[in-house]
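Q: sequence first, then the predicted structure:
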Amino acid sequence: MSAEPRLDALFQALADPTRRAILSQLALGPASVSDLAQPFDMALPSLMGHLRKLEDAGLIDTKKDGRVRTCAIVPEAFAPVRGWLDEQRALWEGRLDRLEDYVLQLMKERRDDSGS
């Protein structure tokens, strides 16, 4: 999968508050689907849809042992999001630094002009 579609899938999966809450739960450790379902007032098929979206994006892994399906977070799956956010931060920090330099230069020129 190329970077852009992969990133799109990750952000789409992270866009939903229910899926983010599931990821927060899984950040504490693996959990069964029934444990994940407890805090939510939704039908099990709806929850399974959220889990499928997270799994399709590569953010979680699921394993079935008998009748129990357990989900676990995949920490390295967040690397493309982190990388993109780091790039954006660097871009904007550079822009803001250049703006600050420009404003300081304008202020210096005004002081120099008013002092003459």
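A: Looks like it arrived, so ask away.

Q: tell me how far V74 lies from G94.
A: The spacing between V74 and G94, counted by C-beta to C-beta, to the nearest Å, is 32 Å. C-beta coordinates here come from the backbone N, C-alpha and C atoms, glycine included.

Q: no no, L14
A: When distance is defined by C-beta to C-beta, L14 is 26 Å away from G94.

Q: the more surrounded of these two?
A: Neighbour count, other C-beta atoms under 10 Å: between L14 and G94, L14 has more, with 17 against 10.

Q: chain neighbours aside, what residue packs nearest to the more buried one?
A: Distances taken as C-beta to C-beta, 6 or more residues apart in numbering place R20 nearest to L14, at 6.2 Å, with adjacent residues excluded.

Q: burial check on the one you found, number of neighbours?
A: For R20, the tally of surrounding residues (other C-beta under 10 Å) stands at 13.

Q: number the residues from 28 up from this point.
A: All right, first residue 28 from here; so that's R47.

Q: that one is in contact with L53, isn't it?
A: No - here R47 does not reach L53: they are 10.7 Å apart, not a contact under C-beta atoms under 8 Å.

Q: and A99, what element?
A: For A99, the host element (DSSP states H and E) is strand 95-100.

Q: try H77
A: Per DSSP H and E, H77 falls inside helix 71-83.

Q: buried residues in that helix?
A: Neighbour counts using 16 or more other C-beta atoms under 10 Å place 74-75, 77-78, 80-82 of helix 71-83 among the buried residues.

Q: so L81 touches R47, yeah?
A: No - using C-beta under 8 Å, L81 and R47 do not qualify as a contacting pair, with a distance of 9.8 Å.

Q: which residues of this structure score low on pLDDT?
A: For the chain, residues meeting the criterion pLDDT under 70 lie at 28-30, 143.

Q: now the strands: where do they sit in it?
A: Chain-ordered strands for the chain, with DSSP state E as the definition, fall at 58-59, 87-92, 95-100.

Q: please identify which of the ones you listed is closest to L133.
A: Go through those one by one with C-beta to C-beta and the one that ends up closest to L133 is strand 95-100, at 48.8 Å.

Q: so what are the sheet partners of the closest one and their directions?
A: Neighbouring strands of strand 95-100 in its sheet, by DSSP bridges, are strand 58-59 (antiparallel), strand 87-92 (antiparallel).
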